[in-house]
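Enquirer: no sequence for this one, just the structure:
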């Protein structure tokens, strides 16, 4: 597929999920079309903290530097009670990953970085274009687009629905965001505060009447979440003074709100669709799932959705993979999205239980966790435990050892360059010439010493081979790497890839 070919993928929505999906598709050799019904970019904070797991994906995508330059690092988090008494704290540097911090920046800045990357790649966002209908057609999906007074009908092979909670793509699939809406109503704001806070630290402050979340942003600003009074049912947005009074009431100290840039009302949800895809349409981000922002995972799950569908769809469109590969999107992201909802729900329930304890006159506290449990909780909180175990794209041959299992993120995935699969070989391995001859255009063979990656950390202390997928997850592990396990690896690749297909066959190789 060359740049002169008309797009066969339409992305509906130019939020983070749609923009990152477009960036990744182009990196993998497919140029999409992307439309957005808004007339132009917004300037709202919305989702802010990028988790360590997503930072590794951004590095693989060649995008990490602008994010690190624009954002601030959150290395610690404090859970505080009335009077700012510390209940618990955590240090992200102890998570055992490449990025021991969250990178925090307003969502409008995230979208700007992604738009600028797309513009450099020759992809323009079609603002002011609304998708009015999506219908099945023998040639693919027939869409009606409306731009001002002009209507256009197009046919696309695939549609990525990244248009948010009111997704036209989801409605065309007759899917619904099933689940529940949490009690209460909330304000989210972007402002400065005079309350002294430790550097690079996020704070969740609990009191008898609710909570306040303070998450640092660039330029000494803060993303603020706070629950509204039950009697507050109006639609008028609060002034800085009114918001400050509410924060003071919740925390019991003077927070001191100033320079209020943005404030919005919202409700918190726990919802997910039953089907993420019907084979031609794929749902990403808020179109597919809504979680409590107290978990800090919604934006990150959206970017993971984008990374997952992009490499699979590009391989299919280039003729390098079987169309059945696309079935794995709904399976894998369904597993991950439901895990995200469970983790966010756990955090949300914990906060509400602590508020109830304060309200009843008790002293909020957290049970002391041992090192193993603390590490597991930390990795879960930072989305480092996302796993596709159980997917048909995950396999193993030989001994089952310690370390990351097939379906989990490869610890050194951020060090792998290019858009291909990578076969990481620890020690000696047979049949590598066969792998090169059969899969060389799709799989790069890498000596583990050049990554570098510790064999024990990778789960192959005595040697072996690990197949790392284009999204950085382990697709297959051969332990040890002998004739039998390497033959099993070859059979695994053949279940979804097409051998001897060169990127140049379609006139467009994936970008490194």
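Expert: Everything's here; your move. Computed from a predicted structure; not experimentally measured. Numbers count the residues shown, from 1 in each chain.

Enquirer: which residues in the stretch 51-200 of the chain form strands?
Expert: 72-74, 76-80, 86-91, 102-104, 125-127, 129-137, 140-147, 150-156, 158-161, 178-181, 186-193 (DSSP state E, counting those that start in this stretch).

Enquirer: what packs against the last one?
Expert: Spelled out, it's strand 186-193. The contact analysis (3 or more C-beta pairs under 8 Å, 6 or more residues apart in numbering; DSSP states H and E) places strand 186-193 against strand 221-227, helix 240-251, strand 257-266. All C-beta spots, glycine's among them, are computed from the backbone N, C-alpha and C.

Enquirer: deepest in the core, which of the ones you listed is it.
Expert: Mean neighbours per residue, mean count of other C-beta atoms under 10 Å, is largest over those for strand 221-227, with a mean of 22.

Enquirer: and it, what does it pack onto?
Expert: Applying 3+ C-beta pairs under 8 Å, 6+ apart, we find strand 221-227 packed against strand 186-193, strand 210-217, helix 240-251, strand 257-266.

Enquirer: what's the angle from that strand to strand 210-217?
Expert: Computed by axes from the mean of the first three to the mean of the last three C-alpha atoms, to 10 degrees, the angle separating strand 221-227 from strand 210-217 equals 160 degrees.

Enquirer: can you give me the angle strand 221-227 makes with strand 186-193?
Expert: Angle, strand 221-227 to strand 186-193, by the same axes, to 10 degrees: 150 degrees.

Enquirer: strand 221-227 pairs with which strands, and in what direction?
Expert: Using DSSP bridges, the strands paired with strand 221-227 are strand 186-193 (antiparallel), strand 210-217 (antiparallel).

Enquirer: residue 60: which of the helices and strands packed on strand 221-227 is closest?
Expert: Closest approach to residue 60 among the helices and strands packed on strand 221-227 is made by strand 210-217 (25.4 Å; C-beta to C-beta).

Enquirer: tell me the spacing between residue 440 and residue 500.
Expert: Distance, residue 440 to residue 500, by C-beta to C-beta, to the nearest Å: 9 Å.

Enquirer: who's more crowded, these two?
Expert: Using other C-beta atoms under 10 Å as the criterion, residue 440 and residue 500 rank with residue 440 on top: 15 against 12.

Enquirer: contact partners for the more buried one?
Expert: Contacts for residue 440 (C-beta atoms under 8 Å, 6 or more residues apart in numbering) come out as none.

Enquirer: state the distance from it to residue 497.
Expert: 12 Å.

Enquirer: got it, and residue 228?
Expert: Going from residue 228 to residue 497 by C-beta to C-beta gives 52 Å.

Enquirer: so the two - more neighbours on which side?
Expert: Here residue 228 and residue 497 are compared on neighbour count by other C-beta under 10 Å; more neighbours surround residue 497, at 19 against 16.

Enquirer: quick one: the strands in the stretch 251-400 of the chain?
Expert: Using DSSP E, counting those that start in this stretch, the strands of the stretch 251-400 of the chain run over residues 257-266, 269-272, 281-283, 289-290, 395-398.

Enquirer: select, out of those, the one closest to residue 451.
Expert: strand 395-398 (20.1 Å).

Enquirer: what is the next helix or strand along the chain from the closest one packed up against?
Expert: The first helix or strand that comes after strand 395-398 along the chain, using DSSP states H and E, is strand 421-426. Counting contacts by 3+ C-beta pairs under 8 Å, 6+ apart, strand 421-426 packs against helix 432-439, strand 443-447, strand 464-468.

Enquirer: how big is the angle separating the helix or strand following the last one from strand 421-426?
Expert: Just to be clear, that refers to strand 464-468. Once strand 464-468 ends, the next helix or strand along the chain (criterion: DSSP H and E) is strand 474-479. Counting by the same axes, to 10 degrees, strand 474-479 lies at 30 degrees to strand 421-426.

Enquirer: what does strand 474-479 rub up against?
Expert: Contacts for strand 474-479 (C-beta under 8 Å, 6+ apart): 393-401, 404-410, 421, 429, 459-460, 462, 464-469, 485-486, 488-489, 492-493.

Enquirer: quick one: residue 280 from residue 157, how far?
Expert: Separation of residue 280 from residue 157 (C-beta to C-beta): 7 Å.

Enquirer: overlap in contacts of these two?
Expert: 140, 141.

Enquirer: my understanding was that residue 75 contacts residue 94; is that so?
Expert: No - the criterion here is C-beta atoms under 8 Å, and residue 75 misses it with residue 94 at 10.1 Å.

Enquirer: of those two, who's got more company?
Expert: Shown here are residue 75 and residue 94; by other C-beta under 10 Å, residue 75 has more neighbours (17 against 12).

Enquirer: thinking again about what came up before, intersection of neighbour lists for residue 75 and residue 94?
Expert: Both residue 75 and residue 94 are in contact with residue 100, where contact means C-beta under 8 Å, 6+ apart.

Enquirer: picking up where we left off before, any chance of the strands of the stretch 251-400 of the chain in a markdown table, plus distance to residue 54 and mean pLDDT?
Expert: Listed next are those as a markdown table, based on distance: least, C-beta to C-beta, whole Å; pLDDT from 0 to 100:
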| stretch | distance to residue 54 | mean pLDDT |
| --- | --- | --- |
| strand 257-266 | 22 | 96 |
| strand 269-272 | 19 | 95 |
| strand 281-283 | 19 | 98 |
| strand 289-290 | 15 | 95 |
| strand 395-398 | 25 | 94 |
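
Enquirer: what's the neighbour count on residue 216?
Expert: Neighbour tally, residue 216, other C-beta under 10 Å: 23.

Enquirer: mind checking how far the nearest residue to it once chain neighbours are set aside is from residue 383?
Expert: Nearest in space to residue 216, with sequence neighbours left out and distances taken as C-beta to C-beta, 6 or more residues apart in numbering, is residue 72 at 5.3 Å. Look at residue 72 and residue 383: by C-beta to C-beta, they are 19 Å apart.

Enquirer: which intervals of this protein have sub-threshold pLDDT?
Expert: Within the chain, the stretches falling below the threshold (pLDDT under 70) are 1-4, 501-512.

Enquirer: apply 80 and report the result again.
Expert: Where the chain drops to pLDDT under 80, the residues are 1-5, 400-402, 500-512.

Enquirer: tell me the residue furthest from the middle of it?
Expert: Within the chain, the residue lying farthest from the chain centre (C-alpha atoms, centre = their mean) is residue 361, at 38.9 Å.

Enquirer: sweet, I'm off.
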